[in-house]
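Novice: Pasted the sequence and its predicted model underneath.
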Amino acid sequence: MGLRIGRTPDGRRLEVDRVVAADVDAAWELLVDTERWPEWGPSVRAVDYDGESNDGGVIGPDASGRVRVGAVWVPFRVETFEDGTGDVHGSGGRERRRWTWRVAGVPATGHRVESLPDGRCRIVFEVPLVAAPYAAVCERALSRIESLLTTADGRGNP
């Protein structure tokens, strides 16, 4: 688990990361599937996604909806969505995917997945510096994500 201040396309952010023994595709699919956000997001209780009925709850550019945080529903909108490959924003040539969002109109976390050798990937949460205490929530999320990605059924069960 890493914690550092890094440069992102959105400026300096606190980066919370973890290297996981999982394929980059599986990690990305977990991060963009709104139906699975409550499984790994400690602060997300439910999601009401405005996407197309045939997209299975998977976000894309300009996706929007609401997330329930505790008992409160707040709107979200995906601000950036990078689903490509190549040397993007200092990825060193590794495949990298990234999405950011606004929650209740406020810039929130960025979510990034980078391909690593040997079937591993690095999952990174980019936290605005003014929200630094939220890094603890991101650490819990990364632990849950790792469990979901490395168990036999992909749902955290052996």
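Specialist: Sure, I can see it.
Novice: And the pLDDT at the residue nearest the centre of the chain?
Specialist: Computing the C-alpha centroid of the chain and ranking residues by C-alpha atoms, centre = their mean puts H111 first, at 3.4 Å. Per-residue confidence (pLDDT) for H111: 98.
Novice: doesn't W99 make contact with it?
Specialist: Yes. Between H111 and W99 a contact is recorded at 5.3 Å, counting by C-beta atoms under 8 Å. C-beta: built from backbone N, CA, C; applies to glycine.
Novice: For the two, list the residues in contact with both.
Specialist: Counting by C-beta atoms under 8 Å, 6 or more residues apart in numbering, the common neighbours of H111 and W99 are L31.
Novice: Quick check: which ranges of this protein have low pLDDT?
Specialist: 52-54, 85-95, 152-158 (pLDDT under 70).
Novice: what's around E139, how many residues?
Specialist: By the criterion of other C-beta atoms under 10 Å, E139 has 17 neighbours.
Novice: so what's the closest residue to it other than its chain neighbours up against?
Specialist: With C-beta to C-beta, 6 or more residues apart in numbering as the criterion, E139 has its nearest non-adjacent residue at 5.9 Å, and that residue is V16. Counting by C-beta under 8 Å, 6+ apart, V16 touches 1-3, 124-125, 127, 135, 138-139, 142.
Novice: same thing but 6 Å
Specialist: Residues near V16 by C-beta atoms under 6 Å, 6 or more residues apart in numbering: 3, 125, 135, 138-139.
Novice: which one of the residues you listed has the most neighbours?
Specialist: C138 (27 neighbours).
Novice: Contacts only, for it.
Specialist: Going by C-beta under 6 Å, 6+ apart, C138 touches 16, 125.
Novice: what do you get for L30?
Specialist: So L30 contacts R36 (C-beta under 6 Å, 6+ apart).
Novice: Tell me which helix or strand it sits in.
Specialist: Here L30 is covered by helix 24-32, with elements defined by DSSP states H and E.
Novice: T80 and R13, how far apart?
Specialist: T80 is 13 Å from R13, where distance means C-beta to C-beta, to the nearest Å.
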